[in-house]
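> whatever this is, show me its structure:
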Amino acid sequence: MEHNQTTVQVWTNYWGELLRDEQTILYGFENESPAHSQHKQVTIADDGACFGFVASGNVCLQNRQVNWLLNAGQWFSVPTGFLLNFTENSRVIVSQCIDYQGLYAMGGPIETQGRLRYIDSCSDTLLCAPPLLGDPCLNHLHFPAGIQQTPHTHPSLRAGIIAKGQGVCVANQQTIPLSTGGLFYIAKNTEHCFITDTSTMDVIAYHPDSDWGPTHQSHPMVNRTLVEGHKMDNLAPQHQAAAIIRGR
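Numbering: from 1, shown residues only. Predicted coordinates:
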């Protein structure tokens, strides 16, 4: 199901590419619905790093470097495309950041609450942090029951999946229901809020950029490296000559 406004979209049945803009390709895969029950495998092209979450079932993720078995509640990040093999009754979201080289990482299952405070008594855990200031990230948002968020916007798109629970999104003078396994897209600068009633809700949210993260002049290794009792000068020529991987 897709709501037909341009700034907010929600899908409950899906298989394949759902949306594309200049930064991101959003994919959703589920073989719980009758229309997709025979689907067992898919290949994601090498168009950029992928950030994903397994909402239900199990999947095997393979490429030239890794062979991961991922269970419900686990997230992943890979720098290139890959092959996914699905068990029955699986749901997976993949957000691909075009022309960005990310890191190999995986984790989970997600916890019952976030590690950081967020708007209106919600909480958040930064699952996959940006390796460099400005890079994409993946978050787990937890909404207790009885939440009515302050309407707000984001300066870049938000895409994600409802990992657990249910609630609604209010945007464009519409109230859009959200439930476990549903995918959503919110265009940048769209005013919206999430509301929960008697149920909690856990959301996995992809951000294509960030205004926080390590820099060459400020990161844990540099900040805790002392030369004659003072933080090292990482702008000195001998340090600037270091060969590095550039994500973008």
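> and residue 86, how many neighbours does it have?
21 (other C-beta atoms under 10 Å). (Each C-beta comes from the backbone N, C-alpha and C, glycine too.)
> report pLDDT for it.
We note a pLDDT of 98 for residue 86 in this prediction.
> what's the answer for the one 4 residues further on, then?
According to the predicted model, the pLDDT of residue 90 comes to 98.
> just the one 5 residues further on next, same as before
Listed pLDDT for residue 95 reads 98.
> so it touches residue 207, yeah?
No. With contact defined as C-beta atoms under 8 Å, residue 95 does not reach residue 207; the gap is 9.1 Å.
> neighbour count winner among the two?
Between residue 95 and residue 207, residue 95 has the larger neighbour count (other C-beta under 10 Å), namely 31 against 25.
> dump the residue contacts of that one.
When contacts are counted by C-beta atoms under 8 Å, 6 or more residues apart in numbering, residue 95 is found next to 24, 25, 26, 27, 50, 51, 52, 136, 138, 159, 206, 208.
> the fifth one and residue 95, how far apart?
Translated: residue 50. To residue 95, residue 50 is 7 Å away according to C-beta to C-beta, to the nearest Å.
> and for the fourth one?
Using C-beta to C-beta, one gets 8 Å for the distance from residue 27 to residue 95.
> ok, now the second one?
Using C-beta to C-beta, residue 25 is found at 8 Å from residue 95.
> returning to that earlier point: what about the contacts of residue 95, which are in strands?
Using DSSP state E, the subset of the contacts of residue 95 located in strands is 24, 25, 26, 27, 50, 51, 52, 138, 159, 206.
> would you reformat those residues as TSV and include pLDDT, neighbour count and distance to residue 232?
Shown next, in TSV, are those (pLDDT from 0 to 100; neighbours: other C-beta atoms under 10 Å; distance: C-beta to C-beta, whole Å):
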residue	pLDDT	neighbour count	distance to residue 232
24	97	22	37
25	97	20	40
26	98	23	41
27	98	23	43
50	98	27	35
51	98	26	33
52	98	28	37
138	98	25	31
159	97	27	39
206	98	26	34
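> ok, so of those residues, who is nearest residue 221?
residue 138 (22.9 Å; C-beta to C-beta).
> from memory that closest one sits against residue 204, does it?
Yes. Residue 138 sits in contact with residue 204 when judged by C-beta under 8 Å, with a separation of 6.9 Å.
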